[in-house]
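Novice: Sequence plus the predicted model coming up.
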Amino acid sequence: MRLRATPAQVDVARGSAELREQLLRELEAQVAPGRYTSGAKGRSAVVALIEQLEQSKVAPRFPKDLDAVDGSWDLLFTTNAVSLDANLLDTLAALPAGLPSLSPLLDGSPLASRRVRQEIDVAANRVRNCVTITAWPEGDGAFIPPGLKDLLAGLEGSDLTLTLDHLAVVEGAMSAAAARYAPARLRIELQQVRRVLEPGPLRASSVGAGLLDLVPKETAIDIPWPLSTLSPGRFDTTYVDESVRISRGVPPGKELRVFRRSATPTTVVSEGGM
């Protein structure tokens, strides 16, 4: 028998949906395309709506609600665009997304990120942070010396994606009884860094077009144990529904992030489970 939602539950769901749409509109107004942060005034307005949305429904609990976060999520907003987690390599990978302290310099950055997403694969115990940037600066590339510009022009229109692949485990729920009260917290350890170059259309007149064949299209670096365990990241999922997810980093970082479920899910082969 299927249970019907009570009037109170319907009101809660409607209130959360309205707040979610209000938050998405505010993000669109305050966060410029290709950026993931905003100015101080816009940030305050966004954070206030995030807090309201978090309080509008019961927070998820792991492992009970793990399926709700499974899938691919595009980053919309973060209070710390330096990294997607606490690892140094993540910090390096996410630098093109923009640093709050360097916002005036990066607003028009020719190497701005095209996409930042987080893939959570519950069945495989994986969290993958993916940053896609332009391999060739957008614009006229006036800051590049002419000779070097001709050699690198074969990269025009190409994208470079860095994927930081983590082992992910539920933290704090050691028993079924504890799981009822445990926060929705994942602990992640960086185990591999992958780089994929997706070539764009080559210009026939480009001196460096042939050089692109010499650049490996894919590379991968494994992070061996125990190095992979030295700087784990931890984050709580404080809100999740069918389209929006909010996470908060565990101290000392405490990064606040808003994700939207990707329109095109990422298909992966999975083994095991969280």
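Specialist: Now that the structure is in, tell me what you want to look at.
Novice: what does stretch 42-51 contact?
Specialist: Contacts with stretch 42-51, where a contact means Cβ atoms under 8 Å, 6 or more residues apart in numbering, come from 19, 22-23, 26-27, 29-31, 37-38, 77, 79, 246, 256, 258. Heads up, the C-betas are built off the backbone N, CA and C, glycines and all.
Novice: Just the ones of the residues you listed in strands?
Specialist: Among the contacts of stretch 42-51, the members falling in strands are 77, 246, 256, 258 (criterion: DSSP state E).
Novice: Narrow these to those that are buried.
Specialist: By neighbour count, with 16 or more other Cβ atoms under 10 Å, those hold 77, 246, 256, 258 as buried.
Novice: Which two of those have the greatest separation?
Specialist: The largest separation in these, counting by Cβ to Cβ, is between 77 and 246 at 9.4 Å.
Novice: Overlap in contacts, these two.
Specialist: With Cβ under 8 Å, 6+ apart, residue 77 and residue 246 have common neighbours 256, 257, 258.
Novice: Please work out how many residues are found near the second one.
Specialist: The tally of other residues near residue 257 (other Cβ atoms under 10 Å) stands at 23.
Novice: Likewise for residue 115?
Specialist: Using other Cβ under 10 Å: residue 115 sits among 15 other residues.
Novice: shift numbering so it begins at 887
Specialist: Okay, residue one is now 887; in that scheme the one you just asked about reads as residue 1001.
Novice: Name the residues linked to it by a beta bridge.
Specialist: residue 1018 (DSSP bridges).
Novice: C-terminal to the lengthiest strand in the chain, what's the next element?
Specialist: In the chain, assigned by DSSP E, the strand with the most residues is strand 1071-1084. Per DSSP states H and E, strand 1071-1084 leads on to strand 1104-1108 as the next helix or strand towards the C-terminus.
Novice: which helices and strands does that next one pack with?
Specialist: strand 1071-1084 (3 or more Cβ pairs under 8 Å, 6 or more residues apart in numbering; DSSP states H and E).
Novice: which parts of the strand it packs on are buried?
Specialist: 1071, 1072, 1073, 1074, 1075, 1076, 1077, 1078, 1079, 1080, 1082, 1083.
Novice: Show me which of these is closest to residue 1124.
Specialist: Closest to residue 1124, out of all of the buried residues of strand 1071-1084 and judged by Cβ to Cβ, is residue 1071, at 10.2 Å.
Novice: Residue 1118 is in contact with that closest one, correct?
Specialist: No - using Cβ atoms under 8 Å, residue 1071 makes no contact with residue 1118, being 11.6 Å away.
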